[in-house]
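Visitor: Fold the following, please.
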Amino acid sequence: QVQLVESGGGLVQAGGSLRLSCAASGSFFRINAMGWYRQAPGKQRELVASITSGGSTTYADAVKGRFTISRDNAKNTVYLEMSSLKPEDTAVYYCNANARRYAWSTASEYWGQGTQVTVSS
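Guide: Residues are numbered from 1 along each chain as shown. Sure, this is the predicted structure:
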């Protein structure tokens, strides 16, 4: 099983910055892509950013130029640096990992418990 534990959420004023972290632990063979999703009240969960094990990144248009995703493969940790935050960035942010438990198994998706990010105007 893969456990994902997020940290770093909180309350910040518009224009401010926050850094989210997500550490993966447990028993697994390999972690492939990792990413961050968010879900605002009354809205569907959406991809914010993702990063492959090789470092290739993808961003939602709404956060390009403001958010930066990175990872430390040695620590099985993914980060999300968020700057120039806007009230519309307010949401619960979820960490996601695509991982294989064993060398012979197919990959599965794993989720963290979520961390609240609130941006005040």
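Visitor: Ramachandran angles for residue 89?
Guide: phi -80, psi -10 (degrees, to the nearest 10).
Visitor: I'd like to know how far it sits from residue 76.
Guide: Relative to residue 76, residue 89 is positioned 26 Å away (Cβ to Cβ, to the nearest Å). C-betas here are computed from N, CA, C, even on glycine.
Visitor: More neighbours: those two, which one.
Guide: residue 89 (22 against 19; other Cβ atoms under 10 Å).
Visitor: can you pull out the helices in this protein?
Guide: Assigned by DSSP state H, the chain shows no helices.
Visitor: Can you pull up the most central residue in it?
Guide: Among the residues of the chain, the one closest to the centroid is residue 36, at 2.4 Å (Cα atoms, centre = their mean).
Visitor: I'd guessed residue 80 sits against residue 67; true?
Guide: Yes. Using Cβ atoms under 8 Å, residue 80 is in contact with residue 67, at 6.1 Å.
Visitor: Could you check which of the two is surrounded by more residues?
Guide: Counted by other Cβ under 10 Å, residue 80 and residue 67 do not tie: residue 80 has more neighbours, with 25 against 22.
Visitor: ok so, going back, local confidence estimate at the residue nearest to the centre of the chain?
Guide: For residue 36, the pLDDT comes out at 98.
Visitor: same question, residue 1
Guide: 83.
Visitor: Point out where the chain drops to low pLDDT.
Guide: Low-confidence segments of the chain (pLDDT under 70): none present.
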